[in-house]
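Peer 1: With the input below, show me the fold.
(chains A and B)
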Amino acid sequence: AQKVTQAQTEISVVEKEDVTLDCVYETRDTTYYLFWYKQPPSGELVFLIRRNSFDEQNEISGRYSWNFQKSTSSFNFTITASQVVDSAVYFCALRSGGYQKVTFGTGTKLQVIP
Amino acid sequence: DARVTQTPRHKVTEMGQEVTMRCQPILGHNTVFWYRQTMMQGLELLAYFRNRAPLDDSGMPKDRFSAEMPDATLATLKIQPSEPRDSAVYFCASGPKGQTNTGELFFGEGSRLTVL
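Peer 2: Coordinates of the predicted model:
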């Protein structure tokens, strides 16, 4: 069985603050992939990043950074100097298993206040 | 610009009516996923296909829901009869095959269903 937990339902920050979105996953597979997707108010889900289970190197892309730690089964997402345009629901997802099933967390709604 | 296309974008129907949602995956993609999004449950996986074959539909209420891929360019999700609790946004997503499969899914804009 695979499971993704995003314990933070909603987060509000003031513009320019840093914010970290938590993601904890469960899987019995040794090979798996982790993702973050963004769902802006328009509704469409947009892919942000992919990480495979053999690559624990953290990644930075502009104001976005991701911290993957297998020891704690976590794949956290940090937005530095948040902006109003970052306001969205963010989903963490796990892809594993023989059929490569993709399971999403329940999402974290981020509101960036001007 | 390749994208997943879903129809209808919005549907309002009365309880008991049949609803069919359609999805055109990105050309060349061989996996198709159907998700349902509600405030209470988040994104739930209903069914998914690889090479048109259903691999997992355990998340789908079998008595009223059915999912098919008549051909590689069309996936359908049917609800018969519909109930108010089916009101949600239904997303279709597709994924590429083989060497180009980097794992991420490409989502359509969703079909918002309201059952009165």
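Peer 1: what's the distance between the nearest residue to A:E26 once chain neighbours are set aside and A:K101?
Peer 2: Leaving aside its sequence neighbours, A:E26 sits nearest to A:K3 (Cβ to Cβ, 6 or more residues apart in numbering or on different chains; 4.3 Å). For glycine as for every other residue, the C-beta is placed from the backbone atoms N, C-alpha and C. Distance from A:K3 to A:K101, counting by Cβ to Cβ, to the nearest Å: 12 Å.
Peer 1: again, but for B:V32
Peer 2: For B:V32, the distance to A:K101 - Cβ to Cβ - is 13 Å.
Peer 1: who has more neighbours, these two?
Peer 2: Shown here are B:V32 and A:K101; by other Cβ atoms under 10 Å in any protein chain shown, B:V32 has more neighbours (27 against 17).
Peer 1: I'd like the average pLDDT over the helix or strand containing the more buried one.
Peer 2: Element membership for B:V32 (DSSP states H and E) is strand B:29-38. Averaging pLDDT along strand B:29-38 yields 92.
Peer 1: helices or strands next to it in the packing?
Peer 2: Secondary-structure packing of strand B:29-38 (3 or more Cβ pairs under 8 Å, 6 or more residues apart in numbering or on different chains; DSSP states H and E): strand B:42-50, strand B:74-79, strand B:88-96.
Peer 1: Contact partners for the spatially most central residue of chain B?
Peer 2: Nearest residue to the geometric centre of chain B (Cα atoms, centre = their mean): B:W34, 3.1 Å. The contact partners of B:W34, by Cβ atoms under 8 Å, 6 or more residues apart in numbering or on different chains, come to B:C23, B:L45, B:L46, B:A47, B:Y48, B:M60, B:A67, B:A75, B:L77, B:Y90, B:F91, B:C92.
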